[in-house]
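S.K.: need a 3D model of the sequence below.
(4 chains)
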Amino acid sequence: MEEKPVTDKLVTGADWEPLIVAFFCNWCTYTAADLAGVSRMGYDPNVRVIRVMCSGRVDPQFVLDAFAHGADGVLIGGCHPGDCHYVEGNYKTLRRYHLLRRVLADLGIEPERLRLEWIAASEGEKVAKTINEMVEQVRALGPLRLSRRFREWDAELASLEAEVKRGEEVAAHV
Amino acid sequence: MEPSARYLYYPGCSLKGTGIAYEESLLTTFRLLEMPVKELPDWNCCGATTYMSVSETSATLLAARNLALARQTGSKDLIAPCNACYLTLRKSQRLVADYPQIAQETERFLEQAGLPRLDSVRVRHPLEVLYNDVGIQRLRELTVRRLQGVRMASYYGCQAVRPYGEVDDPHEPTRMDEILRAVGVEVVGYNLKTKCCGGPLTGTIHDVGVRLNYILLKEAMRLGAQAMVTICPLCQFNLDAYQAEIRKQTGEPIDMPILYLTQVVGWALGGDYRELGLHRAISGRKLLEQWFTVRKEAETYV
Amino acid sequence: MSEKKNGQVRIGVYICHCGANIADTVDVKAVAEYAATLPGVVIARDYKYMCSDPGQELIQQDIEEHQINRVVVAACSPSLHEHTFRGAAERAGLNPFFVQMVNIREHDSWVHTEREAATVKAKDLVRAAVQRVYFHKPLEKRRVPIHPEVLVVGGGIAGIHAALTVANSGKKVYLVEREATIGGHMAQYDKTFPTLDCAACILTPKMSAVKAHPNIVLWTYSEVVSVDGSVGDYKVVVKRKPRYIREDLCVGCLQCIDACVFKEPKFDDEFNLGLSKRKPIYIPFPQATPKVVVIDPEACIQLRTGKCKRSCLEACVERGAIDFEQKETYEEIHVGSIIIATGFKTFDPRRLPQYGYGRYPNVYTTLEVERLVNASGPTSGQVITRDGRVPKSVGIILCVGSRDENTNRWCSRVCCMTSLKLAHLIKEHTGAEVYIFYIDMRAAGKGYEEFYQRVLNEGVHFVRGRVAEITDWALDPSEEGKLVARVEDTNTGFVRRIPLDMVVLAVGLEPQFDAHEVQRMFGISCSLDGFFLEKHPKLAPAPTYTDGIFIAGLCHGPKDIPDTVMQAGYAAAEAIALADTGYFELEPNTAYVVEEECSGCKSCVPLCPYQAITFKEDKQKAFINEVLCKGCGTCVAACPSGSIRQNLFEDEEIFSEIEGVLAYA
Amino acid sequence: MSDKPKIAFYWCASCGGCEESIVDLAEDILEVAQAVDIVFWPVAMDVKRRDVEAMPDGSILATMVNGSIRTSEQEEMAYLLRRKSQILIAYGSCAHTGGVPSLANQFSREQILRYVYEEAPTVVNEEKVRPQPRHGHNGTAVTLPEFRALVRSLDQVVEVDYYLPGCPPTPKLLKQAVLALLSGELPPKGTVLAPDTAQCDGCPRRDTKPTDLKINEFKRPHWTQIDPNTCFLAQGIVCMGPATRSGCEAQCIKGNMPCTGCFGPTSRVRDQGAKILSALASSVNAREPEDIEKILDGIPDPVGTFYRYSLAKSLLRAKVTR
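M.R.: Numbers count the residues shown, from 1 in each chain, chains lettered A, B, ... in the order given. Here you go, the predicted structure:
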């Protein structure tokens, strides 16, 4: 598994489509997304949902990891305040979200790329609306795709490595 | 650039013609409230109900020009005293918000005209400005004279509260009553506040138009009202202008002053007879003179 | 990687067509072919219906023949079939928690139309699952024992029926009712549609049966104030409000009521919706259960001022049942499951000022007319308007507050039939001309359409149109002194003005005023309309997402009496089945502290809403009680040194899922 | 030359504190010197790069490199020493996780050069002259190392075998490491040579941390009278201890200063800052966004606070738009 699957569709700047990772809590938002499906409420196909039991399980590391691996936006969906299946996990999410947005802003990631939305199990429509809105917003912000920036940064190293190798070979001949 | 006034004012055609008393009283009232209004420069026809029913898109373009001009001045609030103007402007905003095609067309049009995009201009009706921005309490405090023992019926017409209900409750509007009471007027429980005044029918199918007028006036009389208070130049005109004809047709002794809300409020705030345009009335002139001509002994200072 | 820990990983991937549901939008063949190229994947198949027996056998065969030890099923939502595929794995001898589902139906094929985008999404999600399942560990299911006792909240017909059903199976039931008597709305009805049998005649025997049942503890005038615990053992605290009467001593002779210093009833009688008066000491209605009086502390002079002759005490001197010192008490009970049957409230028609309710005295609600036509009601069954006349023309307006964007969007389901019934009864009582203003007549139910025909034949006028307004403004002398309904009759295309003596508003049904608080206290959800949300709209309409909590009756949504009784019986059956099974299997998604990794920083301890985390002073480490842990994972996310793990949601599992969906980014 | 095992030390982008920490071994350094040959240590010995280049590949048993990697020269040295050493040890926070120098990853190369050579208050440079990587002078080319786009930890440049964390590492950890090297009893490759629990384990103030911590306000240490016996977090002062690896013998805590995180995260954590963020935010005693924000205002520089030593090795590595 060390090897990442080889990309068959390298997205270039021109046909860039926003890619959003969503963490949905099992009881409210994931169920609402199921409801959106059952009700055939169409929405943009740019979101990949990861199910967690509670939005409180969303470790800020997950959000950063998603950005670092190329997400253009991250959406967290939880139960409405007061409605959390686990009493108040969503409040902890809310607090982390506020602090995380500050960190993101300081690290040059527009806070709008991270969105926290309360979506109850019955709010299938809100799932569709939120996703479409977010896709639109991220589209307006443009690509983030840190994965590619990281590759650019690392290219600087690769060039040196080659150069050093060449230098050493030359030295060895002399 | 001169500092932008808080309130812009879009007169529309009526307030420069048959409804000039509305303009006079509105400007006087706002002056007395120390809330000066500035007329929208270079305004054009609102398109009225008629154009809306021909082409919503074209009607929206007409309205959009006015809204864009308003935006250019930097003012956030645009007062449209005529109910038809108010509704047309408001409706076109909603159409732009709800229908992408109309929005695109409007944008294209505004760009061609070199005007700014539509944004954040609030279309306001004077009734709702008096109620929300001035407030009942302040009107009560600012009232310097009261009409003693005069009963009035408040009448909204069809367009102010429908369909959006932003000026007042569409089913049971009460704000005008509250304002009238605040400035010392006794109000009757008039049930036909939003019934049709006849509108343009008085000019087309005249008999029907006049009959609708008659229903309104008769019910007001039955309830003991001595005058009706309006917020629309067309309502005011219809109710005011055909009373002689109704008297002739029905033999009923109808001669009732039809006032603008701003005339009543303006007078209570200290405005005088002529500057409120009270001299322009057709019906009930005697009563008007009796009530509003300032005679020291008739005036009660609060 | 963790090959050592998990042995040679051999993943089987199964892509379901779900008939055309998935296959029409997602190129399932391409997804399966793609999955086959992923590291660790040994077999990738697509199949028409994975959840069918042959589909499941496919997985079992592969486990047995190809030594598959990880299973990824891309099909519908895990809430539907996760247990199915886990079961299949288990039958083939694989630990069921080596199964991971991918939701490519609800989250993909049903919400997208563009085949290419939907297929790419399916591939991304499958890849994420393949990467995730790599890290899965064998887990044991947890079993919790079920306390056999059952709590029923709400004593209307739903609560009564549920309580009796559970009690008849030999289980102990607590029935908690907020009002002073059980009976609920049904007790207020006169006749029931379509059979016209009297509501009281069929309800009161059931009320008495509740009171008499040895397995039922009935607490009226009581409210649940807190709920803790979970399926199998809910700890519930019930507040018993003071009725200032000792329930064990009162025999319901009602002499105290006669003796009250108020000679005449003076206070609005809630049971009759204010159409009659009662005294400060009263019994809600003659058949109230328990038949125990109650004192209204807002009205009673003694309770308000402490200065009353207290003539009621004298009347009850022998039994001494009146107790002005009574205070509220709290009972704590433990139950295995809970049936919520908290009912509804009717729409307040004051919200529609055009119908003049509250402004014109002769505008009524259907519930008020139920009392008016009732022989033991405020007028002894005489239909008389508030101004004392027998109406000659009555108009019933349907869908008041229902099917309306401005108020409630839903159909309240019972108003059509209630209105037909009341039309019949009013005609029978007064001979008046009755008009029903309707949008659509909805008479679906056994014998309902036939009843509609009967009322049609009785000469009731049906006007199809939504009434614009009720006014007392008379256009001509025939309307003087009447209410006028202005309505466009859409069958004839005319606007009509219909003069009426009495207007009846068929008010819709709404969630109880405190439904939201109740929902939160019990940890269940509401649907958009505010009624309680069932687990599945078709296949589980009484269970909720919270295990061991069931809903019955109108707290779940508008329905008529037979449907209410059926749902209450269904909820009771679920509760009985749970109690008889004796245990409940929980997801093993609990969190645990790795002791040697924990630094004892105590960050996690205050975060657990279930007090499952304690700090062990002797070891200076945090400890999670697995029995109390509900598996939210909040502490896991918060552990600053990464020393808390969550089964099924390990950090590595989620990281690999994130990186899986983003592999091409 | 003796056949004692060969050891080398090198410094990259660092303050020099790590070098001093080697001297901090005090008398023990003699023991070390007895056991090994130090073949390369620019701060103390005159051995040139070409001397290292001349050594056979893998001839050095272990090289300890401190400092993060910012310039092409440091990269070259990292490659070189990697090749010459059997074991490469990232020594100190900067080599381990980027350290304080990696906070510069919040700024672009241009911002940094402009500030340092043009805008800093102490600079007089009217011609706005900046050092260039190549400069021709009298027919000869003079070169300077390239200033890279961002600061990196050592393992982001070359493969690293072990890590000695800390700013700087303690003499005790260094000694343990040297002893392990000599005895050959080495843990698996990639190990951080310090305990794998967080600071609170062994913190003298642990008992004073309540089990129901609720944070109503964040105070800054230099504006606060700090109780010398109570848990910093219980006093509302941000302490990185819970998210920081132990092994430092609580030196800062004993000096009445909160932990600032120099030992980096535990092995289970990918992003030290995110973890302390999660733990602290979870305990903020507010439910409404406005109230939460008000409390969070008490941490004016969250990146500088949570990633003081680890920005280079954090998941985001650097500010995105600089």
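S.K.: run through the stretch 1-150 of chain B and note the low-pLDDT ranges.
M.R.: B:1-5 (pLDDT under 70).
S.K.: gap between the residue of it found nearest chain A and C:Thr113?
M.R.: Closest approach between the stretch 1-150 of chain B and chain A, counting by C-beta to the nearest C-beta: B:Pro100, at 13.2 Å. Any C-beta I mention is one placed from the backbone N, CA and C, and that applies to glycine too. Going from B:Pro100 to C:Thr113 by C-beta to C-beta, to the nearest Å gives 19 Å.
S.K.: between the two, which one's more packed in?
M.R.: C:Thr113 (13 against 9; other C-beta atoms under 10 Å in any protein chain shown).
S.K.: if I've got this straight, the more buried one is in a strand?
M.R.: No: the assignment for C:Thr113, made by DSSP: H, G, I helix; E, B strand; the rest coil, is coil rather than a strand.
S.K.: list the contacts for the closest residue to it other than its chain neighbours?
M.R.: Leaving aside its chain neighbours, C:Thr113 sits nearest to A:Gly42 (6.2 Å; criterion: C-beta to C-beta, 6 or more residues apart in numbering or on different chains). The contact partners of A:Gly42, by C-beta atoms under 8 Å, 6 or more residues apart in numbering or on different chains, come to A:128, C:111-113.
S.K.: which one (most neighbours) among these?
M.R.: Neighbour max across the contacts of A:Gly42 (other C-beta under 10 Å) = C:Val111, 27 neighbours.
S.K.: thinking it is in contact with A:Glu125, fair?
M.R.: No: contact criterion C-beta atoms under 8 Å: C:Val111 and A:Glu125 do not qualify, at 11.9 Å.
S.K.: which neighbours do the two have in common?
M.R.: Residues touching both C:Val111 and A:Glu125 (C-beta under 8 Å, 6+ apart): A:36, A:41.
S.K.: the strands in the stretch 51-200 of chain B, which residues?
M.R.: For the stretch 51-200 of chain B, the strands defined by DSSP state E, counting those that start in this stretch occupy B:77-79, B:122-124, B:151-154, B:186-187.
S.K.: now swap in chain A and tell me
M.R.: A:20-25, A:47-52, A:73-78, A:114-118 (DSSP state E).
S.K.: now do the first one and strand A:47-52, the angle between them.
M.R.: In this structure, strand A:20-25 runs at an angle of 30 degrees to strand A:47-52, with axes from the mean of the first three to the mean of the last three C-alpha atoms, to 10 degrees as the basis.
S.K.: burial count for C:Pro145?
M.R.: 12.
S.K.: what pairs with it across the strands?
M.R.: Beta-bridge partners recorded for C:Pro145 (DSSP bridges): C:Tyr583.
S.K.: correct me, but it touches C:Gly582?
M.R.: Yes: judged on C-beta under 8 Å, C:Pro145 makes contact with C:Gly582 at a distance of 6.5 Å.
S.K.: where does the residue in the stretch 451-600 of chain C that chain B sits nearest to land on pLDDT?
M.R.: At 4.4 Å from chain B, C:Trp473 is the closest residue in the stretch 451-600 of chain C, using C-beta to the nearest C-beta. Per-residue pLDDT puts C:Trp473 at 89.
S.K.: now do the phi/psi pair for it.
M.R.: Per-residue torsions, C:Trp473: phi -80, psi 120 (degrees, to the nearest 10).
S.K.: please apply the same query to C:Ala117.
M.R.: According to degrees, to the nearest 10, C:Ala117 has phi -60, psi -40.
S.K.: cool, B:Gly271 as well?
M.R.: For B:Gly271, the backbone dihedrals (degrees, to the nearest 10) come out as phi -70, psi 160.
S.K.: in chain B, which residue sits nearest chain C?
M.R.: B:Glu172 (3.6 Å).
S.K.: how many residues are close by the residue nearest to that residue when sequence neighbours are not counted?
M.R.: With sequence-adjacent residues excluded and distances taken as C-beta to C-beta, 6+ apart, B:Glu172 is closest to C:Pro353, at 3.6 Å. Neighbour count for C:Pro353, taken as other C-beta under 10 Å: 18.
S.K.: and what of the one 5 residues further on?
M.R.: The local packing of C:Gly358 (other C-beta under 10 Å) involves 11 other residues.
S.K.: could you do the one 3 residues further on as well?
M.R.: Other residues lying near C:Pro361 total 13 when counted by other C-beta under 10 Å.
S.K.: correct me, but it touches C:Gly388?
M.R.: No: contact criterion C-beta under 8 Å: C:Pro361 and C:Gly388 do not qualify, at 10.2 Å.
S.K.: stretch C:608-620 spans what distance, first to last residue?
M.R.: By C-alpha to C-alpha, to the nearest Å, the extent of stretch C:608-620 from end to end equals 18 Å.
S.K.: before we move on, back to that, got CSV for the strands of the stretch 51-200 of chain B, with mean neighbour count too?
M.R.: Shown next, in CSV, are those (neighbours: other C-beta atoms under 10 Å in any protein chain shown):
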stretch, mean neighbour count
strand B:77-79, 22
strand B:122-124, 21
strand B:151-154, 24
strand B:186-187, 17
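S.K.: mind checking which of these is nearest C:Pro640?
M.R.: strand B:122-124 (49.6 Å; C-beta to C-beta).
S.K.: next one: the closest one to chain centre, how far?
M.R.: Its chain's average C-alpha position is 14 Å from that of strand B:122-124, according to C-alpha atoms, centre = their mean, to the nearest Å.
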